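A.B. asks: got a predicted structure here, sequence first:
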Amino acid sequence: MGDSCCNPLSMGSVKKMLEKELGGAYVLSLMIGNNIASDTSNGFFMDVNEQIDFACNTIQKDPNLQNGYHAMGFSQGGQFLRGLAQKCPQPPMKQLISVGGQHQGVYGFPHCPGSWFICKEVEKLLDMGAYTDFVYS
């Protein structure tokens, strides 16, 4: 979210580093769209189930991945790949590496811009509403 798989200044450089460090291993960066701009905007606006379906279709068509693959996701990408593993069992995801993923949720109000007292009161309000039916609907 907020980045593209293939931006040479961010995730694209991670892909190149992995290929180099892993001796030329095949690395697929999933682009959800036709270009860097659409990949980035789809991370914000495209329904995640549609993104997973798109990724599943891409992986299933890739002959290099037919016997399974190892997946690596950063931040929201970790949750995305977890969903992919659950919804797309073939080919099998052999291992998931999640870097900075929030698999157990996010707590509090990071970098609250107010005083300690105000931040604690805001956290109490957030805690009161976090698990209501309204939030989950």
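C.D. replies: Alright, I've got the coordinates.

A.B. asks: quick one: low-confidence parts of the protein?
C.D. replies: 1, 103-109, 135-137 (pLDDT under 70).

A.B. asks: can you map out the helices along it?
C.D. replies: 11-21, 36-45, 48-61, 76-87, 116-129, 133-136 (DSSP state H).

A.B. asks: pick the most buried one from the ones you listed.
C.D. replies: helix 76-87 (a mean of 18; mean count of other C-beta atoms under 10 Å). The C-beta positions use only the backbone N, C-alpha and C, and glycine is treated the same way.

A.B. asks: now the angle between helix 48-61 and that one, please.
C.D. replies: 70 degrees (axes from the mean of the first three to the mean of the last three C-alpha atoms, to 10 degrees).

A.B. asks: let's see helix 76-87 as PDB, backbone CA atoms only.
C.D. replies: Taking C-alpha atoms only, helix 76-87 is exported to PDB below (Å, rounded to 0.1, in the frame of the first residue of the first chain):
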ATOM      1  CA  GLN A  76       0.600  -4.800   4.400                       C
ATOM      2  CA  GLY A  77       2.100  -7.200   1.800                       C
ATOM      3  CA  GLY A  78       2.500  -9.700   4.600                       C
ATOM      4  CA  GLN A  79      -1.200  -9.700   5.300                       C
ATOM      5  CA  PHE A  80      -1.900  -9.800   1.500                       C
ATOM      6  CA  LEU A  81       0.300 -12.900   1.100                       C
ATOM      7  CA  ARG A  82      -1.300 -14.600   4.200                       C
ATOM      8  CA  GLY A  83      -4.700 -14.100   2.500                       C
ATOM      9  CA  LEU A  84      -3.200 -15.500  -0.800                       C
ATOM     10  CA  ALA A  85      -2.000 -18.600   1.000                       C
ATOM     11  CA  GLN A  86      -5.500 -19.200   2.400                       C
ATOM     12  CA  LYS A  87      -7.500 -18.500  -0.700                       C
END
